[in-house]
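# Pasting the sequence and the predicted model now:
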Amino acid sequence: MKTTTSGVAFLWQSVPGFATVGTSANLNIIPAGSGLFTYQCTVTAANGCTGSAQITINVDPVPTGASITASGPLTFCQGDSIKLNVSPTAFAYLWSKSPAPQLTPPTNSQPFIYVTQSGTYSVIATTPSGCAYPAIAPVTITVNPVPVLTISGDTVLCEGDILNLEASQVGVTSYQWSGPAGTSNTNPYIKSNMQVYQSGYYTVTVTNSFGCTATDSVFVLVNPAPVTPYIVSNPGGPLCEGLMVTFTVTNPMPSPVYYTWSTGQMGLSINQALQGTYSVVATNQFGCTSTSNAITINPLPDLSCMPSGCYEFCNECDSVTFPGTGGLTSYNWETLIGGVWNFYSASQNLTVYPPGGKFRLIAYNAFGCSD
């Protein structure tokens, strides 16, 4: 408090009681406590004339301690947030954060803030008269990262295919899959023999070492396969090389299903006489396939090592033996008599006695084919 006159005597007194509190032109005083305080100043001029005036001031109490309260744990995962308040409620606020970036108006002057970033948060709170609360303890927030999640794998399948979905593995400690084909806690997610009704969304939730999670989904489409074709041969029964055979699909489906034989030929039937195993693949408009039963044209017995041509032996020899090919199931040696082939022997080897003759072998292999 100051007066505007100089060269005179000053007397400052507290009211009531009129205790002297100062004798200078200006009064500097620290009130004891809070409330209304009245002071009187008496000025005496050199000629002895006096004058006085009083002033009353209101001293607000120092605010009691305040603190920052949080709406939840101070450590949480990226994407979440926490609300910080000052308790008790103040009149004005100035929030700050370290390290950068700093908080900016109007966010930093609100009664509360929502925190989404790691850092140390502080606040200065004041009363309506501008008195600041004693230093408020800051709080430190830790925001942990969530896993980076991607799902890879084929999502368009054919009935009967294997579903193989894999989630990214960087920093991930656990997996939880779910979908129409069932649940799993392993990665990759593998399901065999997928069916059309198992189409749908497949979801995985992954968790990292901080306990933070991420979730992603993919839609898997399982397209139907064509009806499995069934083929027959004409003639039927065991088939042997050299005989012309017609293979036919007995349960054909209309277009757009088409049929591709193991020979590369297209259509519902083919003719073949060569040794081999024959089947057909049906393909529909989704590119899905079904493979038929297989029918084999069996090889003829291999008689390439049998002797042929004309042979002579001396009358002094009781007989001569020609070795037959091994590994066959039956042998039928015949001799030509009077222009007719007659049974001669069922042995593997041919034993000929004088005077000899003309012989041939009809042999059968394990497939029932003869030559």
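Received it, and whenever you're ready, just let me know what you need.
# Contacts for stretch 343-353, please.
For stretch 343-353, the surrounding residues in contact (C-beta atoms under 8 Å, 6 or more residues apart in numbering) are 313, 318-326, 328, 330-335, 359, 361. (C-beta placed from N, C-alpha, C; glycine too.)
# And for stretch 334-341?
342-344, 357-362.
# For it, C-alpha coordinates in CSV please.
Output of stretch 334-341 as CSV, limited to C-alpha atoms (Å, rounded to 0.1, in the frame of the first residue of the first chain):
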residue,chain,number,x,y,z
GLU,A,334,0.5,-126.2,-78.4
THR,A,335,1.7,-128.3,-81.3
LEU,A,336,0.5,-128.1,-84.9
ILE,A,337,-0.9,-131.5,-86.1
GLY,A,338,-2.8,-131.8,-89.3
GLY,A,339,-3.3,-128.0,-89.5
VAL,A,340,-4.8,-127.9,-86.1
TRP,A,341,-3.2,-126.5,-82.9
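# What residues are bridge-paired with the closest residue in space to residue 357 that isn't next to it in sequence?
Spatially, and ignoring its direct neighbours in sequence, residue 357 is nearest to residue 335 (5.0 Å; C-beta to C-beta, 6 or more residues apart in numbering). Judged by DSSP bridges, the bridge partners of residue 335 are residue 342, residue 359.
# Please, where are all the strands along the stretch 101-250 of the chain?
112-115, 119-126, 139-144, 151-152, 156-158, 163-167, 172-178, 189-191, 200-208, 213-223, 231-234, 239-240, 245-249 (DSSP state E, counting those that start in this stretch).
# Just the pLDDT for residue 72.
As summarised for this prediction, residue 72 has a pLDDT of 95.
# Over to the one 10 residues further on?
You'll see residue 82 listed with a pLDDT of 95.
# Is it correct that it is in contact with residue 71?
Yes - using C-beta atoms under 8 Å, residue 82 is in contact with residue 71, at 5.6 Å.
# More neighbours: which of these two?
residue 82 (19 against 12; other C-beta atoms under 10 Å).
# wait, what's in contact with that one?
70-74, 76, 114-115, 141.
# farthest pair in those?
Across the contacts of residue 82, no pair lies farther apart than 73 and 114, at 14.7 Å, counting by C-beta to C-beta.
# tally of neighbours for residue 149?
Neighbours of residue 149 using other C-beta under 10 Å come to 17.
# Let me know whether it touches residue 169 as I believe.
No - using C-beta under 8 Å, residue 149 is not in contact with residue 169, being 10.1 Å away.
# neighbours of residue 150, just the number please.
11.
# How confident is the prediction for it, by pLDDT?
94.
# how about it, phi and psi?
phi -140, psi 150 (degrees, to the nearest 10).
# For residue 259, give me its contacts.
229, 249, 252, 266-268, 280-283.
# Check those residues against residue 163 and report the nearest one.
Of the contacts of residue 259, the one sitting nearest to residue 163 (C-beta to C-beta) turns out to be residue 283, at 20.9 Å.
# which residues touch residue 59?
Counting by C-beta under 8 Å, 6+ apart, residue 59 has contacts 31, 33-37.
# Of these, which is the most crowded?
residue 37 (16 neighbours).
# So which bits of the strand or helix carrying that one are buried?
Using DSSP states H and E, residue 37 sits within strand 35-44. By 16 or more other C-beta atoms under 10 Å, the buried positions in strand 35-44 come out as 37, 39-41, 43.
# just stretch 340-352 next, same as before
Result for stretch 340-352 [16+ other C-beta under 10 Å]: buried residues 344-345, 348, 350, 352.
# that older thread, distance of the residue nearest to residue 357 relative to residue 216?
83 Å (C-beta to C-beta, to the nearest Å).
# and if you look at residue 297?
Distance from residue 297 to residue 216, by C-beta to C-beta: 53 Å.
# For these two, indicate the residue with more neighbours.
Neighbours were tallied for residue 297 and for residue 216 using other C-beta under 10 Å; the higher tally belongs to residue 297 (23 against 15).
# Touching, the more buried one and residue 246? I think so.
No - the criterion here is C-beta under 8 Å, and residue 297 misses it with residue 246 at 11.6 Å.
# starting at the chain centroid, how far to the following helix or strand past the strand holding residue 37?
Next helix or strand after strand 35-44 toward the C-terminus (DSSP H and E): strand 50-59. From the chain centre to the centre of strand 50-59 is a distance of 80 Å (C-alpha atoms, centre = their mean, to the nearest Å).
# Stretch 65-80 too?
On C-alpha atoms, centre = their mean, the centre of stretch 65-80 falls 32 Å from that of its chain.
# Give me the distance between the two termini of it.
End-to-end distance for stretch 65-80: 30 Å, by C-alpha to C-alpha, to the nearest Å.
# What are the buried residues along it?
Quick answer for stretch 65-80 (16+ other C-beta under 10 Å): 66, 68, 76-77.
# Just name the lowest-scoring one in these, pLDDT-wise.
Of all the buried residues of stretch 65-80, residue 66 has the smallest pLDDT value, namely 89.
# unless I'm mixing things up, that residue is touching residue 88, no?
Yes - with contact defined as C-beta under 8 Å, residue 66 reaches residue 88; the gap is 6.2 Å.
# right, and residue 279 touches residue 291 too?
Yes - using C-beta under 8 Å, residue 279 makes contact with residue 291 at a distance of 6.0 Å.
# most remote residue from this structure's center?
Largest separation from the mean C-alpha position in the chain: residue 47, at 99.9 Å (C-alpha atoms, centre = their mean).
# where does it sit relative to residue 8, distance-wise?
Relative to residue 8, and taking C-beta to C-beta, residue 47 is found at 10 Å.
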